[in-house]
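In: What follows is a predicted structure for the sequence shown.
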Amino acid sequence: MERTVRGRGVAASWYGIARTATIDRAGAWAELDDGGTAKVVTGVTEIGEGILTLLAQVAAEELGIRPEQVTLGDNDTARSPEAAHAGATRQTYMVGNSIALACREAREKLFAEIAEYWDVEATLLHAFDGILHAEGTNKSMTMAEAVAICKGRGVVPVGSGSFTAHGTGLDPVDGSGAPWQVYVFGTQVAEVEVDTVTGEVQVLGIWAAHDVGRAINPRGIEGQIEGAIVQGLGQALMEDYQTVEGHTTTHGFAKYILPTALDVPEITSFLVEDRDPLSPLGAKGIGEPALVPTAPAIMNAIYDAIGVRITSLPATPEKILQGLKEKRRRNEGIAAE
Amino acid sequence: MPELELNFEVNGRTVAKRINPGLRLLDVLRDDLNMTGTKEGCGAGECGTCSVFVDGKLVKSCLMPAAKAEGTRIETVEGLARPGDLTVIQRAFYKTGASQCGYCIPGMVMAATSALRDNPDAGHEEIKERMGGNICRCTGYTKIIEAVELARDVIAGRMSPAALEADAVGESYIGNSVRRIDAPAKVAGRLKYAGDMIMPDMLHMAVLRSPHPHAEIVSMDTSAARAMPGVECVITSEDVPGVDGFGVFVHDQPIMARGKVRYVGEAVAAVAATDERSARRALAGIKVTYRELPGLFDAADALAPGAPVLHDYAPDNIVKHIPLRKGNIEAGFAAADLILEENFSTQQVEHAYLEPEAGIAYVDHDDVVTVISPSQNITHHRHMLAAIIDRPIQKVRFIMSPVGGGFGGKEDMIYQGMLALAAMQTHKPVRIVFTREESIVSTAKRHPSRSKVRMGLTRAGRITAMEFDMLSDGGAYGMSSEGVMRKAAILSCGPYEIDNLKVDTTVVYTNNTPSGAFRSFGGMQVQFATESMVDMAAEKLGLDPFEIRRRNMMKPGSLTHTQQKLGTASLGMVLDAAEKGSRWEAGAPTVRGATRGDTHGAGTREPCKLGERFAAGPETKERVA
Amino acid sequence: MLSCRSYQMPKSLAEALALWRGAPEGSRLIAGATDILPWAREGRAGDVEIDTLIDLSRVAELSGYQQKDGRIRLGANVVWQDFLTDPVLARSLPCMPFCSVWFADDQIRQQATLAGNLVNASPAADGTPPVIALNGDIEIARLDGDTVVTRTMPVADFISGPGRTDLKPGEIVVAVTVDALPGYGGSYQKVGQRRSLVISSVCCAAVVKTDPSGKVFEDVRLALGGVGPKPMRLTETEAMLRGKAISADLIERASAGPVDLVASRTRVDYRRTVVRGFVRAAVEDALAHAAQSAQSEEKETANA
């Protein structure tokens, strides 16, 4: 046997978006502000996933301005409307949609005033990237001018939005119920190389296909997928919080081993867009689901390489060598019969 | 206090300080000079969030006694570019989306700067190796390495600086990879996380933690600690004015241990003092007498008759059991040509966000008890804290500080209550910053699990029945356990339409470190088992792994395991994309790795061989001037 | 958390020895300091109050290295990065660069010293096996009255067990002297739980020289770490190979021997399996490097 052997494996997955088996809600306020800018306020914020940027994009799109013109107020129970928590792969879906709704209301207030001012139907108005125009006419102005005119007519263009996701509880006996209104699916392929001398597994490639509904910020989604895969890889191969009689033996990062840049595979992401028909944006979510298929894809790839089925995570070098030894013993046993 | 005279240069500025000789360079930068761009992630040289240049060499400032800085020239992330400006490397990080939570990013920017200063032509592998001492928990490193390569090429003139600018927008900002609006502050080290914030008259909190997994607190005497210099208050569960208890589903955890400790690392008392060292020293002045109780350290033991009981409300030690029943399980297995049975287990996993827990609480001019912390759930925390401190809800305010990584680990209100109590007692701002070890020992982990799985299939590969039984160790408190079991049950049997199911997920109390919310919330534990088993079945049946999945996949109109009719379902689309994208060579999973033709191709990296850059022979080794 | 009453940075060896002799109980010597700060934390030593920390990193006599009589005397302040970036060290100590990349990341290699790694005497230390393979001696200084006196002993004897050495009160390690082996090929095999910055489960150092034909083992040096209370030199395996014609079969047979030397308290089965593969891999890898090294030596001679 060569010292190193390659193998490939696949795993599929599914996941629900937003809170489980309950109704979920989030609120937001929006105001088109001087200079054609906007203030958007919601009660929950960035945990690193890039939600602020995504919310600025959604607000900009709905209001017809640029993302950098959006000032986000967030994260304060005394100053912003409730948006519940930052988790459950719910921020794009819940907060994104509530902000879309709030911005639409603010925009409609502005459009109603400008439609009267221009004497056109409000349905003809369209704003994008800071410019407002009326379709089929030569009427056009900047959003800065539009806000000034609206305010001059005595109206501050504000809006609010509340978005609801209708999950239901589970029956206590048979578990029946509709825990989420939207699901996402994913599939990952892993290619590994197993060192049969040390038992080390290196993951060399992951191909990850995930349904995100609608990709609002593709690079941001890739970042979520890449991060999730490397967390999944850590759990698959090395991470192990251990206790002995309740006392941890993995106090710090010298003992609790995390993946470094040298452990990560090349990752190729495929963003599949199966739009959610139940929400204004059509987007779903990606934070958690991308982690789910990584470990089983790696385990299936290890099996493909060396014929060892790891059923207990993590697949440490020691377990790999032990598995190889047992496999040899089995094969010798079969040969002896 | 002994002092040491220290003279050095930081970012071109001469600094003369009298310092405590035990300090690290990191402490002097952050606490004495208030340069908080340099972060503390682990304090043990393992993570690289604190990397700085000392006389041009990159070092981890948590491993450097401050005294060693005497006469040296220090460069920190704040000194890389002029205020308001960004270096090419920083702009490349901004462009590629290399920063997510941002906490590791100043260190990453420093490591990238060091790599390209040492070798402006460093290749992909060399860059990764040079950055191998810096840990990132969010990004998977991919966009970080991409940023360094982009910066390298722009600096070398191989790419135009325009490559660093925003992508052009077409007809919509939806679908445009708009650069992250928080990136400039993160790459420059300007963003203030809770542990970077200071307020006038701020006190520092240290926490006394349980050394026992299960014990009764017989007595506690805090008088000696209270009398120690610098100490402004010592709080225990006695000081809780309202109904003490928090948790995501069941409020079974007191702010600090009440009468009993249930895990090693549980908060027992807390000290607020004028400086961190005084607060830590005062912990030794708190005298606690414990009577040790028999402990539970294995989930199966928790269910045994006569097992010690952890919480009176749950005499069977069960936090939650979720059953799913669909169809007729016996009939389903009777219809199967192949029945597989296997046990799977997963370990306890630490979130390991690079930002350890931190927070500040104060009582404002309107008597509003305010807590600033990287909480993932300010809404629920406000509800719970109002009841715990017995204040009207509008007199409790939570502000979410930038979260240096959460992954579910910052959903529990594990320390905010202590901060609020200390602020109420002293009417001064009180700050806590966890050490890495404190974070690891006291906060929730991913639930470890043991699953017994039975799967019945026809010869054609259709799953006719599935039985899934999972037992999880919830540790000492409920936290998110109930929800994790629910999600695990719902997702257990994978994205497949299966007519006959019997699923049970159960989580129990033990005296281990609590388990809680962690990215995927039970979803990965169960699907690891199911997806492994689907491949085992494919091998037995001689089916390609994609094919067996297609034969069982949920489609629009399918009934889920909870008998919900799906409106949409995209598994077919993602299977196709992954199969095509990975150039998958069809075939049954029969250990064909050595012979298959689709490995070693595009989309894979080279196996890591350390030190490749030095392997060319000694005479070419000397790249570093 | 580490606290100290006094932090001293002596400039000369005599000054350092005087400080060390006079230092109160509980004082410590440090150089790179990369071990003491992680040690003074929860889960290990916890909060530690030290009277005097004596930092040796600016003691002039401990810096740099000298070559003499086929040996290299490495001052105690030589840091790990030097084995990678100093061309003389990289060429003369062919297993050290490989050991150095596995030892730690670029940043810690800038601070941590080889001597410090030896003095800590961890059974999993990366530095001890290659030094033992290079017949390393450790040089220790103390004050006799006001005179600096030194003694020298093999590193293999200096390390007496996990965390235990022959260092006596008042003594300071000043240098490590090893064989200079240009023309040899080196190798360092290591496995831990990942590839960067990790504690060894098993490690193996090798240096190999072939005869000019490249077909016979002229010299072989092998040492193992991580498999017992202290590192071990594989003298029997070396003897099996030295002077013999190189063959895969011989290497395979020779690599079976050291398996029985594994004396760890945990993961014995795993370590035994790895040791066998590592000895073979280290010899093969060192042979490949020996061929490269012979070529470049030839080139150098030609250029001279």
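Out: Cool, the structure landed.

In: Mind listing residues that contact stretch A:150-158?
Out: Under the criterion C-beta atoms under 8 Å, 6 or more residues apart in numbering or on different chains, residues A:29-32, A:34, A:105-107, A:109-110, A:113-114, A:116-117, A:147 lie in contact with stretch A:150-158. Placement of C-beta: from N, CA and C, glycine included.

In: for it, the distance to its chain's centre please.
Out: Distance of stretch A:150-158 from the chain centroid (C-alpha atoms, centre = their mean, to the nearest Å) equals 36 Å.

In: What of stretch C:115-134?
Out: 4 Å.

In: Can you tell me the SS state at C:A156?
Out: For C:A156, the assignment made with DSSP: H, G, I helix; E, B strand; the rest coil gives helix.

In: re earlier: and of the contacts of stretch A:150-158, the nearest to chain B?
Out: Closest to chain B out of these is A:R107 (14.2 Å), distances taken as C-beta to the nearest C-beta.

In: Spit out the contact partners of that closest one.
Out: Applying C-beta under 8 Å, 6+ apart, the residues near A:R107 are A:32, A:62-64, A:127, A:157, A:159.

In: Equivalent analysis for B:Y103, please.
Out: Per C-beta under 8 Å, 6+ apart, neighbours of B:Y103: B:39, B:41, B:49, B:193, B:353-355, B:404-405.

In: which among those residues gets closest to chain C?
Out: Among the contacts of B:Y103, and counting by C-beta to the nearest C-beta, the member closest to chain C is B:T49, at 11.8 Å.

In: neighbours around the closest one, how many?
Out: Number of residues near B:T49 (other C-beta atoms under 10 Å in any protein chain shown) recorded here: 28.

In: What helix or strand is C:F278 located in?
Out: helix C:268-303 (DSSP states H and E).

In: check contacts around B:L63.
Out: B:24, B:44-45, C:32-34, C:37-38, C:108, C:111.

In: residue contacts, the residue of the stretch 101-250 of chain A found nearest chain B?
Out: Closest approach between the stretch 101-250 of chain A and chain B, counting by C-beta to the nearest C-beta: A:G246, at 2.9 Å. Contact analysis of A:G246 by C-beta under 8 Å, 6+ apart lists B:212-214, B:263-264, B:295, B:297, B:511-513.

In: Return the set of buried residues in the helix holding C:F278.
Out: Neighbour-count burial for helix C:268-303, with 16 or more other C-beta atoms under 10 Å in any protein chain shown as criterion, is recorded at C:270-287, C:289-290, C:293-294, C:296.

In: how about that helix, does it get close to chain A?
Out: Yes - judged by C-beta under 8 Å from any C-beta of the partner chain, helix C:268-303 comes into contact with chain A at C:269-270, C:273-274, C:277-278, C:281.

In: go on, stretch B:386-398?
Out: Yes - contact of stretch B:386-398 with chain A (C-beta under 8 Å from any C-beta) involves B:394, B:396-398.

In: Quick one: mean pLDDT for that stretch?
Out: For stretch B:386-398, mean pLDDT is 98.

In: Likewise for stretch B:14-29?
Out: Stretch B:14-29 comes out at a mean pLDDT of 96.

In: ok now that stretch, how far from the chain's centre?
Out: Worked out by C-alpha atoms, centre = their mean, stretch B:14-29 lies 30 Å from the chain centre.

In: Over to stretch B:511-531?
Out: For stretch B:511-531, the distance to the chain centre is 14 Å (C-alpha atoms, centre = their mean).

In: Could you work out the end-to-end span of it for me?
Out: 31 Å (C-alpha to C-alpha, to the nearest Å).

In: show me which of the contacts of B:L63 neighbour chain A.
Out: Answer for the contacts of B:L63 near chain A (C-beta under 8 Å from any C-beta): B:44, C:38.

In: in the stretch 101-250 of chain A, which spans are strands?
Out: A:125-128, A:131-134, A:140-142, A:158-166, A:183-195, A:201-211, A:243-244, A:247-248 (DSSP state E, counting those that start in this stretch).
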